[in-house]
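Engineer: quick check, what structure comes out for this input:
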Amino acid sequence: MAYSNKHGSTGRRRVKDVLRPPLPPQTAVQGNKWAEEISPASLKQKFTQQPFQRVIPLITLVTFVGYVFVSPYAPGSVPNMLDSAVLKTVGGLTLNYFNVLPTLLPDLAPRFSPVMEGVFNLLLAYAALLSGFLVDGRQAADPASVNSDSPGGINFFFPFAAAGLALTNTAFLPYLILRPLHKVDKPVMQEEVPEIELKLGESKPLLSVYGVAGLYSIWWAFFGRPEFGGLTERWASFTDLVSSDRLMFAFSVEAVLYWIFQGWLVDDDMRRRAAVSEGVVPWIAKTVPFLGLFVYMLWRPPLLSQQSEEPGRQRG
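Structural biologist: Okay, the predicted model is just below:
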């Protein structure tokens, strides 16, 4: 079987080249990598080498799900996600995504307490803003498939980040438990990261949209829908809802959990950018709820590229 190569010369294919089975598809390689990350041997190694980083989110997740969604002891009745009232509430809050509809077309928007709307949309903004750590999952990429010409491999955080827009902490906490075991001893280069991940996780304008949406949700809880009264009435509404409505109680607990774990990935993220994690802003990112994380996403240096400055940058 004759052929011509790109230089115009001809040759003859060997039979074994024609009959050689095709290489495994990339999806199969990715599937194997996923299986490795959640295999018993991998989990044992993760919990052995990083017990604190794994056990704390695990205990938190089990306690949260058990107490909030199963236990009869939390405020309100145990939610039945197939109940029409629950579906109506969740569906209506979803229609009021980031409070856009009640702001632009208040007469058409489902009407809920602005406190509940504010807390619900703050959770969505939290989940979206955490996508700024998307490169953390890149540590699970297959090194053989990552190069400057065609970055590849899997991103272990990607599906958790996507699911977090609906499941919030019940997606983020499992990622903290299962995230790849790695030691960030060198920076991650932009050329190693697929373009879609750079656009979703590294774009300051996009992260700014999430941050502004979260701050607007906080403002909405205090001042949106003026017919619901002033701060005194809203505080009374908040305490009443938290003490009697299981969904509102769950939303409030989730907001606190996001606050607790929002800085869990900051130190690795700074080392990944060849920056020193000491300073005011990294501390704010770990301690100030939501706003601290938003400020960090805007302040942190970008990933290095082959044309960028040498490692050792320090941001204060």
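
Engineer: what about the strands in the stretch 201-316 of the chain?
Structural biologist: With strands called from DSSP state E, counting those that start in this stretch, the stretch 201-316 of the chain shows them at 275-276, 313-314.

Engineer: in terms of mean pLDDT, which of these ranks lowest?
Structural biologist: Lowest mean pLDDT within the strands of the stretch 201-316 of the chain: strand 313-314, at a mean of 50.

Engineer: quick check: the residue nearest to residue 173 when sequence neighbours are not counted vs residue 45, distance?
Structural biologist: Closest residue in space to residue 173, ignoring its immediate chain neighbours: residue 61 at 4.2 Å, by Cβ to Cβ, 6 or more residues apart in numbering. No exception for glycine: its C-beta is placed from N, CA and C like everyone else's. Distance of residue 61 to residue 45, computed by Cβ to Cβ, to the nearest Å: 20 Å.

Engineer: so between those two, which is more surrounded?
Structural biologist: residue 61 (18 against 12; other Cβ atoms under 10 Å).

Engineer: residues contacting the more buried one?
Structural biologist: Counting by Cβ atoms under 8 Å, 6 or more residues apart in numbering, residue 61 makes contact with 169, 170, 173, 174, 177.

Engineer: wait, the first one sits on residue 257?
Structural biologist: What it means is residue 169. Yes. With contact defined as Cβ atoms under 8 Å, residue 169 reaches residue 257; the gap is 4.9 Å.

Engineer: which one's more surrounded, these two?
Structural biologist: residue 169 (26 against 21).

Engineer: send me stretch 187-207 as PDB with only the CA atoms.
Structural biologist: Presented in PDB, the C-alpha positions along stretch 187-207 are these (Å, rounded to 0.1, in the frame of the first residue of the first chain):
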ATOM      1  CA  PRO A 187       3.600  27.000  39.500                       C
ATOM      2  CA  VAL A 188       0.900  26.000  37.100                       C
ATOM      3  CA  MET A 189       1.500  27.600  33.700                       C
ATOM      4  CA  GLN A 190      -1.300  29.100  31.600                       C
ATOM      5  CA  GLU A 191      -0.200  27.000  28.700                       C
ATOM      6  CA  GLU A 192      -1.000  23.800  30.800                       C
ATOM      7  CA  VAL A 193      -4.600  24.800  31.300                       C
ATOM      8  CA  PRO A 194      -7.300  24.400  28.600                       C
ATOM      9  CA  GLU A 195      -8.800  27.600  27.400                       C
ATOM     10  CA  ILE A 196     -12.300  26.900  28.600                       C
ATOM     11  CA  GLU A 197     -10.900  26.500  32.200                       C
ATOM     12  CA  LEU A 198      -9.000  29.800  31.900                       C
ATOM     13  CA  LYS A 199     -12.100  31.600  30.800                       C
ATOM     14  CA  LEU A 200     -14.300  30.100  33.500                       C
ATOM     15  CA  GLY A 201     -11.900  30.100  36.400                       C
ATOM     16  CA  GLU A 202      -9.400  32.900  35.700                       C
ATOM     17  CA  SER A 203     -11.500  35.700  34.100                       C
ATOM     18  CA  LYS A 204     -11.700  38.600  36.500                       C
ATOM     19  CA  PRO A 205     -14.700  40.200  34.700                       C
ATOM     20  CA  LEU A 206     -16.600  37.000  35.100                       C
ATOM     21  CA  LEU A 207     -15.700  36.500  38.700                       C
END
